[in-house]
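Trainee: Got a predicted structure plus its sequence, pasted below:
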Amino acid sequence: MTTAARIDGTAIAREVRAEVARRAARLAAGGHVPGLAVILVGDDPASQVYVRNKIKACAEAGIRSIQETYADDLAEAELLGRIAALNADDAVHGILVQMPLPPHISAQRVIEAIDASKDVDGYSVESAGRLVAGLPGFKPCTPWGCMTLIESTGIALRGKHAVVIGRSNTVGKPMALMLLRADATVTVCHSRTPDLGAHTRQADVVVAAVGRANTLTADMVKPGAIVIDVGMNRNAAGKLCGDVDFAGVVQVAGAITPVPGGVGPMTIAMLLSNTVDAAERAFAAKGLSC
Ligand code: NAP
């Protein structure tokens, strides 16, 4: 029996990061080092790991990072003040506020406070609007990483049927828009979709972004389909797993991402790419060459 090709997110992310490092080095050679500010509020252990990984990845890519860490009783006004200062700082090209924020702080107000030219997470209404309108702008890192993985298979998306499971503002919706922009016919499913399998069985490409293990099983996949697993869950044994029943779906799909080693590494790679984009645009806007 043939099994699906594994889409190696770790290797593809390494290539993206190497290209980012080349672009960052070119900027630095012209005296313009790209800079990313990363703000962490509170002491959530998972967020601390994510922030540490982002800072380390910046260092490896030649991006200067500025980490600001605050206690979880930080007032929203104070955080907004810090963002205003970073917006005005020419050495900072990207600003990332690690989510989730404590409940007394409005994530939406914080995201909207980030200057649109520094919104490297791509979460702001302006970035979302640009994606909807097909205008250049920052793309949210996880779905953009998924697009890069899909493209790595060599599939021509034009006219293909793609099903996205999940409709969050950060993954499912932008994913659907990017697939649409690539001329796929897109169906978006969610928790109120009555017969998920009826949709996924029609799909040439399935992106699962749910947050529930075994949402997509082998009987729900068309033979040869490309399956991208965004989910990050813990199984009963505490092991990291995705939304897809990998062992079953790998027997049916044409190509599939593993968890770990699939979408996860791409998210940071695309963040670095957005940061270098931001720096290149900032220098070009000043008429400086890089
Ligand atoms: P989210 O905001 O919780 O959204 C989950 C989506 O799944 C919702 O739209 C929900 O529908 C839908 N859903 C829930 N149960 C469903 C079901 N039984 N059938 C079909 N749809 C269902 O989550 P998210 O932020 O998009 O993240 C999704 C997953 O990706 C999580 O596991 C997260 O940890 C992971 N993630 C991974 C990365 C990475 O870098 N690898 C990055 C971001 C997220 P409703 O809208 O109807 O509630």
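Mentor: All right, it came through fine. Numbers count the residues shown, from 1 in each chain.
Trainee: which residue ranges form the helices in the stretch 1-150 of the chain?
Mentor: 9-29, 45-61, 76-88, 107-113, 125-133, 141-152 (DSSP state H, counting those that start in this stretch).
Trainee: For those helices, state which one has the densest average packing.
Mentor: With neighbours defined as mean count of other CB atoms under 10 Å, these peak in mean count at helix 141-152, which reaches a mean of 23. Heads up, the C-betas are built off the backbone N, CA and C, glycines and all.
Trainee: Can you name every helix or strand that it contacts?
Mentor: helix 9-29, helix 172-181, strand 205-208, strand 226-229, helix 263-285 (3 or more CB pairs under 8 Å, 6 or more residues apart in numbering; DSSP states H and E).
Trainee: is the helix or strand that comes right after that helix up against the ligand anywhere?
Mentor: Toward the C-terminal end, the helix or strand that comes next after helix 141-152 (DSSP states H and E) is strand 161-165. Yes. Using CB under 6 Å from any ligand atom, strand 161-165 reaches the ligand at residue 165.
Trainee: What is strand 161-165 packed up against?
Mentor: helix 172-181, strand 185-189, helix 196-200, strand 205-208.
Trainee: of these, which approaches residue 87 most closely?
Mentor: Of all the helices and strands packed on strand 161-165, it is helix 172-181 that lies closest to residue 87, at 23.2 Å by CB to CB.
Trainee: can you list contacts of that closest one?
Mentor: 122, 128, 131-132, 134, 139-140, 143-144, 146-147, 157, 162, 164-167, 186, 188, 190, 205, 207, 209 (CB atoms under 8 Å, 6 or more residues apart in numbering).
Trainee: hmm, back to that, hey, which of the helices and strands packed on strand 161-165 is tucked in deepest?
Mentor: Among the helices and strands packed on strand 161-165, ranked by average contacts under mean count of other CB under 10 Å, first place goes to strand 205-208 (a mean of 29).
Trainee: ok, back up a step: quick one: closest of the helices of the stretch 1-150 of the chain to the ligand.
Mentor: Closest to the ligand of these, according to CB to the nearest ligand atom: helix 141-152, at 4.0 Å.
Trainee: Now do the domain split for the protein, please.
Mentor: 32-115, 141-263 (automatic domain parsing).
Trainee: could those go into JSON lines alongside mean pLDDT?
Mentor: Formatted as JSON lines, the domains of the chain follow (pLDDT from 0 to 100):
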{"stretch": "domain 32-115", "mean pLDDT": "97"}
{"stretch": "domain 141-263", "mean pLDDT": "98"}
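Trainee: List just the one of those that sits closest to residue 280.
Mentor: Nearest to residue 280, of the domains of the chain and by CB to CB, is domain 32-115 at 8.1 Å.
Trainee: Please give the centre-to-centre distance between that closest one and its chain.
Mentor: 16 Å (CA atoms, centre = their mean, to the nearest Å).
Trainee: Spatially, what comes nearest to residue 147 if we skip its sequence neighbours?
Mentor: residue 178 (5.0 Å; CB to CB, 6 or more residues apart in numbering).
Trainee: and the closest residue to residue 241 other than its chain neighbours, how many neighbours?
Mentor: Spatial nearest neighbour of residue 241, excluding adjacent residues (CB to CB, 6+ apart): residue 235 at 4.8 Å. The burial count assigned to residue 235 is 10, neighbours taken as other CB atoms under 10 Å.
Trainee: Angles on the backbone of residue 31, please.
Mentor: Note on residue 31: backbone dihedrals following degrees, to the nearest 10 are phi 90, psi 10.
Trainee: before we move on, what about residue 210?
Mentor: Here the main-chain torsion angles of residue 210 (degrees, to the nearest 10) amount to phi -120, psi -50.
Trainee: Hmm, it is touching residue 168, no?
Mentor: No. Contact between residue 210 and residue 168 fails when scored by CB atoms under 8 Å: they sit 9.4 Å apart.
Trainee: And the two? Which one has more around it.
Mentor: In this view residue 210 and residue 168 are compared by other CB under 10 Å, and residue 210 has more residues nearby, 23 against 17.
Trainee: and this protein, which of its residues are near the ligand?
Mentor: So the chain meets the ligand at 142, 165-168, 170-172, 189-193, 196, 209-212, 215, 230-233, 263-264, 267 (CB under 6 Å from any ligand atom).
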